[in-house]
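Peer 1: fold the following, please.
(chains A and B)
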Amino acid sequence: MKGRRRFTTVSLQIAMLVVILGVWELLTRTGVIKPFLLAPPSAIGRQIIAWATSGVLWPAMGETLYVLLIGYLVGVVGGVVIGMLTGRIPFFRYYFDVFIVFLNSLPRLVLIPFFIILFGFGHAPGIIVTALIVIFIVALNTRVAVDEFGVDFVQNARVLGATPIQLLTSVYLPGVALSIVSSARLSIGLGFQAAVVAQFFGSPAGLGFLIAQGQQSYNSTQIYAGIAVTSILAYLMDLLLGQAGKRAGRWLPANA
Amino acid sequence: MNTRLRTKLLAWAAAALTIVLLLGWWQGIDARTASFLSRPVDVIQDLGNWATSPDLRADIGVTLAEAIVGLIVAAIAAIVLAAILNTSRLLADVAEPFIAATNSIPKLALAPLFILVFGIGFNAKVNFVVVSVFFIPFYALFFALRTVDPTIRAHVRILGAGRLHLIRDLYIPAVIGSLTASMRSALAFALVTAVIAELIAATAGIGYQISSAGQNGQPARMLSGVLVIGILGFVLDRLLLLVERPFSRWRIAGRRTT
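Peer 2: Below you'll find the model as predicted:
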């Protein structure tokens, strides 16, 4: 019965996908919806294939992922340091809270044009904004990991005679690593979005650049293709990180 | 308790000192650096000029209108669609992967599309905000409705509740908490989306002021624009928190009794 229900659901989903794509193609082909407003799926697919074969797509992806990767790493390192300090030492908690409350209520993407003035049209504005977004998420999760989540483990380890260094390597760092992996889905998703948006503003390369170029040359098919590639990439990363997060938390007791 | 208070005061004093030192260092930079970084006093001065001219109120009005109109339309659409999809278990199951796929689109990447299709005016921004923000309340509602316990639903129906009663006494109480909570993050995001669209192409609004200041080499105006958005976001968030609080308190109390 359950298998049958699942079969019905999946086949309806496939049918729905075919119908959506078919109607979309038909409406745009026949001109009921202007192809300028909504490019037909076949045209978007052709554009992506053309990019892939002409060597535009992979460097653009690489460019965006590079900004994301560097920004993410900077954000993680900074976030772990701040999170550890604020989680373990009350002085730093109150000290950093002043800055965190202030900076967290500021939409950091708005700073992109300012960073462009400061650092030019290179990778720097995207990297800084990505790092600024990631750092708070990681710091918050790290703080929770070493502060609240760790209490039971810390006490148990102490009872078993752990030295401070052993505590660090076998309780705090695994906890922090876990919190980074489990928050990676959120922070990489938001970081990726920031990396793409930063490339809208005068960047000479990247997925964001491809989308912005489509807008400036009045080529909506190019915008749709750029958004499609960006979305697929985002979806794949989310899927992967979701799995990683599930795996990473497997060893935890159910009530931790 | 006493030592905790002392640590707190000491930390705040240190934070204040850090801020003062930073601002002092910033104020003291040389003229060449200041031409693209500006100085704290310049920013304050610019904010004062902007606030006393009628422009600031108009710019805030434009950006706020884009964000709030977009947010309201998105919330209504989310309520309607979530309610329709939850009329049947099968429909909700079939729709779920499509919703998840659409939701994973990085919304801000759509900004150039809306500008190309709807132009650089008010409409483009509202449409963009609606599409970007829609999923936040929609997801909250969709899952809140799905988690309504079928047993409770059956009990209520056996007790003779009609459709109207079900909506009023079961569904609305079940979702109101997550709806108001989601509106808080939706509002913050609505403000960001409106400003990002204005940064790309616009004729008015805070984002427009920031981008045109960037093109005209007025770093002080850029920073005062950023400051205005920060303050605006903070104030709106506090206001929504006031609205949200009674609902979330009520929800927790309701949970405890069941």
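Peer 1: identify the residues contacting residue 124.
Peer 2: If you meant another chain, say so; for now it's chain A. Counting by CB atoms under 8 Å, 6 or more residues apart in numbering or on different chains, A:Ala124 touches A:Phe115. In short, each C-beta sits where N, CA and C put it, glycine included.
Peer 1: should've been chain B
Peer 2: B:114-115, B:117-118, B:197.
Peer 1: ok, stretch A:53-61 near chain B or not?
Peer 2: No: using CB under 8 Å from any CB of the partner chain, stretch A:53-61 stays clear of chain B, with a minimum separation of 12.9 Å.
Peer 1: quick one: buried residues of that stretch?
Peer 2: A:57, A:60-61 (16 or more other CB atoms under 10 Å in any protein chain shown).
Peer 1: got it, and stretch B:126-146?
Peer 2: B:126-142, B:144-145.
Peer 1: the most centrally placed residue in chain A and A:Tyr235, how far apart?
Peer 2: Nearest residue to the geometric centre of chain A (CA atoms, centre = their mean): A:Gly189, 1.7 Å. Remark: distance between A:Gly189 and A:Tyr235 (CB to CB, to the nearest Å) = 10 Å.
Peer 1: before we move on, back to that, return the members of the contacts of B:Ala124 classed as buried.
Peer 2: By 16+ other CB under 10 Å, the contacts of B:Ala124 give B:114-115, B:117-118, B:197 as buried.
Peer 1: would you mind finding the longest helix in chain B?
Peer 2: The longest helix of chain B (DSSP state H) is helix B:219-257.
Peer 1: tell me the helices and strands packed up against that one.
Peer 2: Contacts defined by 3 or more CB pairs under 8 Å, 6 or more residues apart in numbering or on different chains; DSSP states H and E place helix B:219-257 against helix A:112-119, helix B:31-37, helix B:40-52, helix B:54-85, helix B:172-200, helix B:206-215.
Peer 1: and these, which one averages the lowest pLDDT?
Peer 2: Across these, helix B:31-37 has the smallest mean pLDDT, namely a mean of 83.
Peer 1: buried ones in it?
Peer 2: Here helix B:31-37 shows B:34, B:37 as buried, counting by 16+ other CB under 10 Å.
Peer 1: that helix near chain A at all?
Peer 2: Yes: residues of helix B:31-37 are located near chain A by CB under 8 Å from any CB, namely B:36-37.
Peer 1: what packs against that helix?
Peer 2: Identification of packing neighbours for helix B:31-37 by 3+ CB pairs under 8 Å, 6+ apart yields helix A:112-119, helix B:219-257.
Peer 1: which outside residues touch that helix?
Peer 2: In contact with helix B:31-37 (CB under 8 Å, 6+ apart) are residues A:117-118, B:26, B:29, B:42, B:217, B:219.
Peer 1: try it again at 7 Å.
Peer 2: A:117-118, B:29, B:219 (CB atoms under 7 Å, 6 or more residues apart in numbering or on different chains).
Peer 1: which residues does A:Gly3 contact?
Peer 2: No contacts exist for A:Gly3 under CB under 7 Å, 6+ apart.
Peer 1: number of residues surrounding A:Leu132?
Peer 2: Applying other CB atoms under 10 Å in any protein chain shown, we find 21 residues neighbouring A:Leu132.
Peer 1: I'd like to know how many residues surround the residue nearest to it when sequence neighbours are not counted.
Peer 2: Closest residue to A:Leu132 apart from its sequence neighbours, by CB to CB, 6 or more residues apart in numbering or on different chains: A:Arg108 at 4.6 Å. Residues near A:Arg108, counting by other CB under 10 Å, number 22.
Peer 1: thought A:Arg108 was touching A:Thr130?
Peer 2: No: between A:Arg108 and A:Thr130 there is no contact under CB atoms under 7 Å: 9.3 Å.
Peer 1: the closest residue to B:Leu56 other than its chain neighbours: neighbour count?
Peer 2: Leaving aside its sequence neighbours, B:Leu56 sits nearest to B:Trp50 (CB to CB, 6+ apart; 4.6 Å). Neighbours of B:Trp50 under the rule other CB under 10 Å: 18.
Peer 1: and for A:Ile44?
Peer 2: For A:Ile44, using other CB under 10 Å, the count is 22.
Peer 1: likewise B:Ala101?
Peer 2: 13.
Peer 1: without its sequence neighbours, what residue ends up closest to it?
Peer 2: A:Tyr235 (6.5 Å).
Peer 1: tell me what the helix or strand where that neighbour lies is packed against?
Peer 2: In this structure, A:Tyr235 is located in helix A:220-248 according to DSSP states H and E. Judged by 3 or more CB pairs under 7 Å, 6 or more residues apart in numbering or on different chains; DSSP states H and E, helix A:220-248 is in contact with helix A:41-54, helix A:173-198, helix A:207-216, helix B:111-118.
Peer 1: can you add distance to A:Gly31 and mean pLDDT and give those helices back as JSON lines?
Peer 2: Shown next, in JSON lines, are the helices and strands packed on helix A:220-248 (distance: least, CB to CB, whole Å; pLDDT from 0 to 100):
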{"stretch": "helix A:41-54", "distance to A:Gly31": "13", "mean pLDDT": "93"}
{"stretch": "helix A:173-198", "distance to A:Gly31": "31", "mean pLDDT": "86"}
{"stretch": "helix A:207-216", "distance to A:Gly31": "21", "mean pLDDT": "91"}
{"stretch": "helix B:111-118", "distance to A:Gly31": "16", "mean pLDDT": "88"}
